[in-house]
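Novice: no sequence on this one, just coordinates:
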């Protein structure tokens, strides 16, 4: 990629301060910027690097007021993070060469239907009555069970397993070694202390524009469907249990576990290592901070929750501050009562 600063500014609808004729050939973090690269500044805590970086151009906010002179050309935009994301997406579109065709060895049942301009990698197994849309890439060592439907413009990366009867929409990305539609954790305790597995007869439905990270598991429903709504973003190493429903445009970070039959509202943000109990509902636009435990239904939308059991995050932080002071308070109490 080689573009001038002016061309990039036009692409992301920005205004150039400085030399707009410089050639940009790569991307760098602002603290590692070098001549010929472009970076961005979205977080104020990195502002000091703006005055030191050797990057030829930096995307910054329209509201940024410089405290010192800078070497780099500045591209001013409303939101530097979004602008840089758009630039990366455009670059990826330019350099991406999507494979097509069917590689050997692979097994595709004669009843399976694969759309135009799609790709099937080596050692992939596609069972009976599978339907795959146009321009979808199924990479190496993927296993797709009977009656699965996958839409158009999807990318299913190596090692993914999609169990029978699951439905995947358009523009879905599933990263390596994730498992979609394995049995939910249902075991009925018996009188003699053993457990008997409860048949899991449902499926998983993943709607359009969903992204699923590596090594994530989404269990099939006992009956009905486990549902991942449009636009959901799921990180690596996430466990979603049977009959869960994730509302549209919710984001879930790594190492989070959501127990069975819970419903998460739309536009929620769930940070890393969060545990969510089963059979509860989380209201739309809820933010759950890292390592929290949500044990009961969240009824009020737009809250930020923290701690275990999760509560209003401001209250949680206040309690934590008091807990840290307890040894000092106890010492003062003991001295006073000697």
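Specialist: Arrived safely, thanks for sending. All values derive from a computational prediction rather than experimental measurement.

Novice: I'd like to know how far the residue nearest to residue 78 when sequence neighbours are not counted sits from residue 13.
Specialist: Nearest non-adjacent residue to residue 78, counting by Cβ to Cβ, 6 or more residues apart in numbering: residue 62, 6.0 Å away. Using the backbone N, CA and C atoms, a C-beta is placed for each residue, glycine as well. Separation of residue 62 from residue 13 (Cβ to Cβ, to the nearest Å): 11 Å.

Novice: got the phi and psi for residue 32?
Specialist: phi -120, psi 10 (degrees, to the nearest 10).

Novice: and it, what does it touch?
Specialist: If a contact means Cβ atoms under 8 Å, 6 or more residues apart in numbering, then residue 32 has no contacts.

Novice: sorry, back to before: common neighbours of residue 62 and residue 13, please.
Specialist: residue 77.

Novice: what is the neighbour count of the residue nearest to residue 78?
Specialist: 11 (other Cβ atoms under 10 Å).

Novice: what segments of the stretch 51-200 of the chain are helices?
Specialist: Using DSSP state H, counting those that start in this stretch, the helices of the stretch 51-200 of the chain run over residues 80-95.

Novice: thinking again about what came up before, in terms of contact, does the residue nearest to residue 78 touch residue 77 like I think?
Specialist: Yes - when contacts are counted by Cβ atoms under 8 Å, residue 62 is listed as touching residue 77 (6.6 Å).

Novice: how close does residue 52 get to residue 233?
Specialist: Using Cβ to Cβ, residue 52 is found at 33 Å from residue 233.

Novice: among those two, which residue is more densely surrounded?
Specialist: residue 233 (17 against 12).

Novice: give me the common contacts of residue 62 and residue 77.
Specialist: residue 15.

Novice: got the contact list for residue 3?
Specialist: Residue 3 touches 11, 23, 24, counting by Cβ under 8 Å, 6+ apart.

Novice: ok, the last one - how many residues close by?
Specialist: The burial metric for residue 24, expressed as a neighbour count using other Cβ under 10 Å, is 20.

Novice: can you offset everything so residue one is 17?
Specialist: I'll keep to 17 as the first residue from here, and by that count the last item is residue 40.

Novice: ignoring the adjacent residues along the chain, who's closest to it?
Specialist: residue 54 (4.8 Å).

Novice: any stretches of this protein with poor pLDDT?
Specialist: 17, 354 (pLDDT under 70).

Novice: how is it carved up into domains?
Specialist: As recorded under automatic domain parsing, the domains making up the chain are 19-111, 117-330.
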